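just coords:
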DNA sequence: CTGAAAGCGCTTACAG
DNA sequence: CTGAAAGCGCTTACAG
């Protein structure tokens, strides 16, 4: 900028004004600055210097508790990102993805990212990356929990929604079962009998399983066996789901996502089981495919939750948000009413 | 940092060294600095100041020619982003998505993003955002073209791949047809008869249609009608595909993506047409569903192309890359061999 | 309408 | 092992 000023025969702050408030600069001077900038290949104020001066980076940091690469494979995470992007667009802010891996480097990555606030995708309470984000003193929004001091949360009431799902799927069930997200970061696929839900690290998983237990008590049925997947992805859950069918011969399943429910429906197909007569299935998310396959599922808008997280992280909103959810009752459970 | 230095009773550069090269600082001093930082809630050097000083932002800017929100719905774009994220992870760099909209604000958004290089998703030659990125003098990589001065390109040879696809689908065809990506930013869904391929703005679309024409000449068949979709998305292409079937009654289709091919296969289903006997279909991308549905398609790795773009934008690589592609021949075309 | 000066928070050779 | 000084590129009241 100094070079441009010299070339144009003006002071550096005149050049600065030329870019920030051109009306403050006379037409002649404007012309001189424009010409000098053109000649020198100067494309405008350096964003980094501007950020330092203004104490505002114009960027929003997004951290996933796991390997960032997985986020692009998860349809719900993509909806969430789209929601964030929507706010970034209107606010003229960059969406900075921090390439988390879930290992010890994440804190360092968070520290190194120049942004004005953070969004953290559902994680565990002790997450280092989360702690680092909070320690910066900048606003942080967490999707799905946990609720911690220094951060706001955007989430549905997972427990209440779980009660609703489990009631619908498990009513009249003799051999209910659950297909669950991982309990903790050590993601081993496995079958669990009677796990202690309150000990589960991931808050979304915990609340949902607690809600399922609530419903079981209410329905006076025993706690169901739980198939814990390694990842929220239909094809990788297939083997475990087959095991579950072999071991538990369920007549009603609650799965923690559409994706996992599809693995269940596929397996039912393979075994020639009629849904919902011989097997009731219900889940969470209500993606487009859930509608097509007639899956009873909890609808929630991750797009909208992304928007709310972005608003919090950009200081456009101060408080946590309890996001909306609705049970979409379809053919995969007996009481299905949607055509 | 100055405050911490004062509190610790040392100079500011000792604090700086404490963070950058702790070995240069005596254990006692380290302890003093650590204590002071802790007390004051100082979490380490300000990334923005560091970036200004180092002349390196530690961020990679990514621009989509269209509305960023769409990117998260396009499976190929997501694969591409995952590839970029993979390199950002190993290079300890942030992945900065610039919320482009395709309108006149994009240049401003690009200018405002603090990063060390840019990746631009396939766009038109005159794109303002692209020009702005190039004007910064920082490295820019373009996926899919166009080839312009000051930028490197990562792309398959679309024309050659199109010849391969069209040969396979159109051999023995009497009424071939094409389902094409948009020609330009004015995205009206429509049927075109005998469009001039060389005039098409989007380079990927242009090269593919030119290749299809090459194959038609070779097979001595007339140029096929072209259904131009508004967006690369199966459900939104449905109506147009139905029109195409009504108007052209095709017995062979080349679609520019798996997604569009699925819309064609669905429509064939609906009309009770046998594939490939009554209708041959071939496309590009080879996503997981292509395999499941036996679609003949061009395999290319957008993940790998994302990696290469990232390497270019981070100055890890200097030259353009001609990406790999392979025709996967399956049941949707007569010569299908894959089991 | 235009300019002198201080400062955003840091690092880098260079002395000591 | 530790510190004084200059400077990364910009903006902001404040004068004139």
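Cool, the structure landed. For clarity, every value in this text was computed on a predicted model and none was experimentally measured.

and the next helix or strand past the helix or strand that contains residue A:310?
Using DSSP states H and E, residue A:310 sits in helix A:302-313. Past helix A:302-313, further along toward the C-terminus, the next helix or strand under DSSP H and E is strand A:321-322.

tell me the strands beside the helix or strand following that following strand, with direction?
Sequence-wise, the next helix or strand downstream of strand A:321-322 (DSSP H and E) is strand A:326-328. When pairing is defined by DSSP bridges, strand A:326-328 lines up against strand A:296-299 (antiparallel).

quick check: mean pLDDT of the strand it pairs with?
Averaged over strand A:296-299, pLDDT sits at 98.

all strands for chain A, in order.
In chain A, strands defined by DSSP state E lie at A:59-63, A:94-98, A:118-121, A:140-143, A:152-155, A:176-180, A:190-192, A:226-228, A:252-255, A:280-285, A:296-299, A:321-322, A:326-328, listed in chain order.

quick one: closest of those strands to residue B:246.
For residue B:246, the closest of the strands of chain A is strand A:326-328, at 34.2 Å, according to Cβ to Cβ. To be clear about C-beta, it is placed using only N, CA and C from the backbone, and glycine gets the same treatment.

what comes up buried for the closest one?
When neighbours are counted by 16 or more other Cβ atoms under 10 Å in any protein chain shown, the buried residues of strand A:326-328 are found to be A:327, A:328.

now do that strand: distance to the chain's middle.
Per Cα atoms, centre = their mean, to the nearest Å, the displacement of strand A:326-328 from the mean C-alpha position of its chain is 19 Å.

now the closest residue to residue A:174 other than its chain neighbours: how far from residue B:224?
Nearest-residue entry for residue A:174: residue A:251, 5.7 Å, with adjacent residues in sequence omitted and distances by Cβ to Cβ, 6 or more residues apart in numbering or on different chains. Shown here: residue A:251 relative to residue B:224, a distance of 52 Å by Cβ to Cβ, to the nearest Å.

which one of those two is surrounded by more residues?
The neighbour count for residue A:251 versus residue B:224, taken as other Cβ atoms under 10 Å in any protein chain shown, is higher for residue B:224 (25 against 19).

ranking the strands of chain A by burial, who's on top?
By mean neighbour count, with neighbours taken as mean count of other Cβ atoms under 10 Å in any protein chain shown, strand A:252-255 ranks first of the strands of chain A at a mean of 31.

next up, phi/psi of residue A:185, please.
phi -70, psi -20 (degrees, to the nearest 10).

show the backbone phi and psi for the residue of the stretch 101-250 of chain A found nearest DNA strand D.
Proximity of the stretch 101-250 of chain A to DNA strand D (Cβ to the nearest atom of the strand) peaks at residue A:114, 13.4 Å away. Recorded main-chain torsions at residue A:114 are phi -90, psi 100, according to degrees, to the nearest 10.

and the pLDDT for it?
If you check residue A:114, the pLDDT there is 96.

and it, how far from chain B?
If you measure residue A:114 against chain B using Cβ to the nearest Cβ, to the nearest Å, the figure is 4 Å.
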